[in-house]
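Asks: coords please:
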Amino acid sequence: NPQQIWINISDNVTGCNTVSSFNLVVNPLPLAVTPLPINECSTGSSITQAEFDLTVNENVITGGVPGMIVTYYNSLIDAQTPQN
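Replies: I've put the predicted structure just below:
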């Protein structure tokens, strides 16, 4: 890695061909670190919602590697596609 790949392109009509190359580079997958849970205490029995700032753990998730983008999804399928 990287590896140079050679190609030969031929035109079936004219019989002409050309040779070229390109570099194939396989980048490793980024490593995601699972952060500690974020907790919020309830202020009473009638309060069933809380507001969380998910970005507070992004530096932990990316391992501090610059240039990484973290996005959030409600389901695994949405994250895999990525949509919604």
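
Asks: can you give me the mean pLDDT across stretch 23-34?
Replies: For stretch 23-34, mean pLDDT rounds to 89.

Asks: CA atoms of that stretch as CSV?
Replies: What follows is stretch 23-34, C-alpha atoms only, in CSV (Å, rounded to 0.1, in the frame of the first residue of the first chain):
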residue,chain,number,x,y,z
ASN,A,23,-2.0,4.4,-7.6
LEU,A,24,-4.4,2.3,-5.5
VAL,A,25,-4.3,3.4,-1.9
VAL,A,26,-6.4,1.6,0.8
ASN,A,27,-6.9,3.8,3.8
PRO,A,28,-7.5,2.1,7.2
LEU,A,29,-10.9,2.5,8.8
PRO,A,30,-10.9,5.2,11.6
LEU,A,31,-10.9,3.8,15.1
ALA,A,32,-14.0,4.8,17.1
VAL,A,33,-13.6,4.8,20.9
THR,A,34,-16.8,4.2,22.9
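
Asks: which residues touch that stretch?
Replies: Under the criterion CB atoms under 8 Å, 6 or more residues apart in numbering, residues 1-5, 60-63, 65, 68 lie in contact with stretch 23-34. Every C-beta, even on glycine, is put in place using the N, C-alpha and C of the backbone.

Asks: got any ranges where the protein has weak pLDDT?
Replies: Applying pLDDT under 70 to the chain flags no residue at all.

Asks: so where do the strands sit in it?
Replies: Assignment of strands within the chain using DSSP state E yields the ranges 3-10, 17-24.

Asks: Residue 42: which of the ones you listed is closest?
Replies: strand 17-24 (53.9 Å; CB to CB).

Asks: In that closest one, which of the residues would be classed as buried?
Replies: Residues of strand 17-24 classed as buried by neighbour count (16 or more other CB atoms under 10 Å): none.

Asks: gap between residue 10 and residue 4?
Replies: For residue 10, the distance to residue 4 (CB to CB, to the nearest Å) stands at 20 Å.
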